[in-house]
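> Provide a 3D model corresponding to the input given below.
(one chain, ligands or ions: 2)
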Amino acid sequence: MTQRVSPELRDWAVAQLAAGQPAAVLLRAMLDSGWSRDVALSVLGAEVEEVAGRGAWPGLGPDRVRAPGLPPGALERGRVTVAGHDVDILVHCDCPQLVVLGGFLTPAECTGLIEEARARLKPSETVVGDTGGSEVNVARTSEGMFFGRGESELCQRIEARIAALLSWPVSHGEGLQVLRYGPGAQYRPHHDYFDPDLPGSSRILQRGGQRVATLVMYLNTPEEGGATTFPEAGLTVHAVAGHAVFFSYDRPDPATRTLHGGAPVIAGEKWVATKWLREGTFA
Ligand SMILES: O=C(O)CCC(=O)C(=O)O
Ligand SMILES: [Fe+2]
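Ligands and ions are numbered 1, 2, ... in the order given. Okay, here's the model as predicted:
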């Protein structure tokens, strides 16, 4: 059956978006009320266009139609300076939207994060789609912890560098997550965005809306194994201390080709810090 979009529905969407409600939350609300995904996306997409004056993925609200990304010209130059810190661009790719950065963290910052995180590690959990809670899962055999945003001077410095590099406010990021993988540990391929069709996602999306990008920072160089793999893109990023891989997804859709995983560590251990960026304020 064809669903007809009334002017009232369009007015509602415009008002909600203009008030700063993340479009992912509105999308969930529309799906819950029985609208088809295509219709919901067409309404939100059209309204974002109307409010912002340009086309955009409907997951990004009116004041943030841009996606996080490097400053104009940086990819061509192969180098970018953020707050006095030089970062090399080693690889970039269009689909997935991905950049591999060299020298994003200094050796002292890598060891500092490891030491601040070490005593707080717990078996890593994954999101449970039905409830929005989390649980230990065989797909993810690392140990991990979350810092609160701005928790230490080091976290603040790294968060400020990320915000400056990607032109994305510190307020729109989750606290840094640190993961440690021992020999044999891995993180099977997954997407970092929350599946809008799972019932548990609406609770998660209330807090800051959808994830729109990921920065995985390597805190050490594993003896063997532990690369980050993008199986659909046929791409493997080796873990090298201080390097980072940034990828963004302008909609929560496998078509972004951002399926990725942490390959098993064969020898030694692997430490990473992950920063997830949200479309809205993560409070
Ligand atoms: O360990 C890796 O290489 C990937 C980590 C990851 O996918 C994540 O933290 O979401
Ligand atoms: Fe991930």
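> Flag the helix or strand of the chain with the lowest per-element mean pLDDT.
helix 37-52 (a mean of 61; mean pLDDT, DSSP states H and E).
> Which elements pack onto the helix or strand just after that one?
The C-terminal neighbour of helix 37-52 among helices and strands, as given by DSSP states H and E, is helix 74-77. In terms of contacts (3 or more Cβ pairs under 8 Å, 6 or more residues apart in numbering; DSSP states H and E), helix 74-77 is packed against strand 85-93. (C-beta placed from N, C-alpha, C; glycine too.)
> Quick one: list the elements packing against the strand it packs on.
Using 3+ Cβ pairs under 8 Å, 6+ apart: strand 85-93 touches helix 74-77, strand 79-82, strand 97-102.
> quick check, distance from the second one to the centre of its chain.
Think strand 79-82. 21 Å (Cα atoms, centre = their mean, to the nearest Å).
> buried residues in it?
By 16 or more other Cβ atoms under 10 Å, the buried positions in strand 79-82 come out as 80, 82.
> avg pLDDT for it?
Per-region confidence: strand 79-82 scores 96 on mean pLDDT.
> So which elements touch it?
Packing partners of strand 79-82 (3+ Cβ pairs under 8 Å, 6+ apart): strand 85-93, helix 153-166.
> partners of it in the sheet?
strand 85-93 (antiparallel) (DSSP bridges).
> and residue 88, what pLDDT?
pLDDT, residue 88: 98.
> Walk me through the domains of this structure.
7-54, 75-278 (the TED database).
> Mean pLDDT lowest where, among these?
Of all the domains of the chain, domain 7-54 has the smallest average pLDDT, which comes to a mean of 67.
> distance of the spatially closest residue to residue 226 that is not a sequence neighbour from residue 229?
The spatially closest residue to residue 226, leaving aside those adjacent along the chain, is residue 270, at 3.7 Å (Cβ to Cβ, 6 or more residues apart in numbering). From residue 270 across to residue 229, the span is 13 Å (Cβ to Cβ, to the nearest Å).
> Between these two, point out the one with more neighbours.
Applying other Cβ atoms under 10 Å to residue 270 and residue 229 shows that residue 270 carries more neighbours, namely 29 against 18.
> Let me see the contact set for the more buried one.
179-181, 185, 218, 220, 222, 225-226, 239, 262 (Cβ atoms under 8 Å, 6 or more residues apart in numbering).
> ok, now with 10 Å
Contacts of residue 270 were listed using Cβ atoms under 10 Å, 6 or more residues apart in numbering, and they are 142, 179-183, 185-187, 218-228, 239, 262-264.
> now residue 83
157, 160-161, 163-165.
> Among the residues you listed, name the buried ones.
Buried among the contacts of residue 83 by 16+ other Cβ under 10 Å: 161, 163-165.
> Surely residue 173 touches residue 162?
Yes - look at residue 173 against residue 162 with Cβ atoms under 10 Å: they come within range, at 6.9 Å.
> Minimum distance to ligand 1, which residue of the protein gives it?
Residue of the chain nearest ligand 1, by Cβ to the nearest ligand atom: residue 262 (3.0 Å).
> beta partners for the nearest residue to that residue once chain neighbours are set aside?
The shortest distance from residue 262 to any residue other than its chain neighbours is 3.8 Å, reached at residue 187 (Cβ to Cβ, 6+ apart). Per DSSP bridges, residues listed as beta-bridge partners of residue 187: residue 140, residue 262.
> Isn't residue 187 up against residue 177?
No - at 11.5 Å, residue 187 and residue 177 do not qualify as touching, with contact defined as Cβ under 10 Å.
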